[in-house]
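A.B. asks: Here is my input, please return the structure:
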Amino acid sequence: MTEDNPKKYCIVLMNDDLSHLNYRLRKSLGDLIIPSKTPPYVTLKETFFTNNIDNLINNLKKETSGLKEIKTFSTGYSVFDNKYVVLNIQNSEKLQRLHETTMNISQKYIENIKPFYNQIGDLNERQDELLSQFNNPFCFEFYNPHSSIGKIEDLSDLDLIRERLSFLELCKPLVFNKVSIIDKKNENIYSSFSIL
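C.D. replies: Numbering: from 1, shown residues only. As a prediction, the model looks like this:
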């Protein structure tokens, strides 16, 4: 790619326990949702564009080298914008610190900023600042860790989705020890590194 065409990435946490839980939820919901195409993950940095991903990764590795594994747990599910079913992840001091470090480092390498949202509802003054500076009003103190399960196929199925999910045990311990960079165009893992 040329310098004029930066590639599209996001930075995430993944692990096998999250994958098993997420797939179990997807199976329970069946054809009521359109499952996410990528493997289950918890976003640290939303989609961004850069031609300098390797430099970003090296900088991020250096800044997170003292961080040990992140222990947390899933806490249930939510429906975002009446469109997306997500698995909620309990935030922690380490997870929040990793998110903020990732946001600050990635910001140095972002090119060709695209609007995060086409239309945004009510944002407070701080969220307007974050949207302007980081292209995301839901970062830093508004960070809400979660893992997407899928998009709701038909909104009239929302009650049935809630009923099916109510029978599942969704509070499970999770340990993250690897950061992954997802190539959004190819929907695959570009790179990963350990935070052990």
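A.B. asks: Give me the pLDDT value at F193.
C.D. replies: The score at F193 is 95. That number is its pLDDT.
A.B. asks: in which helix or strand would I find the residue nearest to it when sequence neighbours are not counted?
C.D. replies: With C-beta to C-beta, 6 or more residues apart in numbering as the criterion, F193 has its nearest non-adjacent residue at 5.2 Å, and that residue is K61. All C-beta spots, glycine's among them, are computed from the backbone N, C-alpha and C. For K61, the element it lies in under DSSP states H and E is helix 53-63.
A.B. asks: Kindly export the helix or strand just after that helix (C-alpha atoms) in PDB.
C.D. replies: Per DSSP H and E, the first helix or strand lying C-terminal to helix 53-63 is strand 70-80. Taking Å, rounded to 0.1, in the frame of the first residue of the first chain, the C-alpha atoms of strand 70-80 are listed here in PDB:
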ATOM      1  CA  ILE A  70      -5.100  -9.200  33.400                       C
ATOM      2  CA  LYS A  71      -7.600 -11.100  35.600                       C
ATOM      3  CA  THR A  72     -11.200 -10.100  35.200                       C
ATOM      4  CA  PHE A  73     -14.600 -11.800  34.500                       C
ATOM      5  CA  SER A  74     -17.600 -11.600  32.300                       C
ATOM      6  CA  THR A  75     -20.600 -10.000  34.100                       C
ATOM      7  CA  GLY A  76     -23.600 -10.700  31.800                       C
ATOM      8  CA  TYR A  77     -24.800  -9.300  28.500                       C
ATOM      9  CA  SER A  78     -26.100  -6.000  27.100                       C
ATOM     10  CA  VAL A  79     -27.800  -4.900  24.000                       C
ATOM     11  CA  PHE A  80     -26.100  -1.800  22.400                       C
END
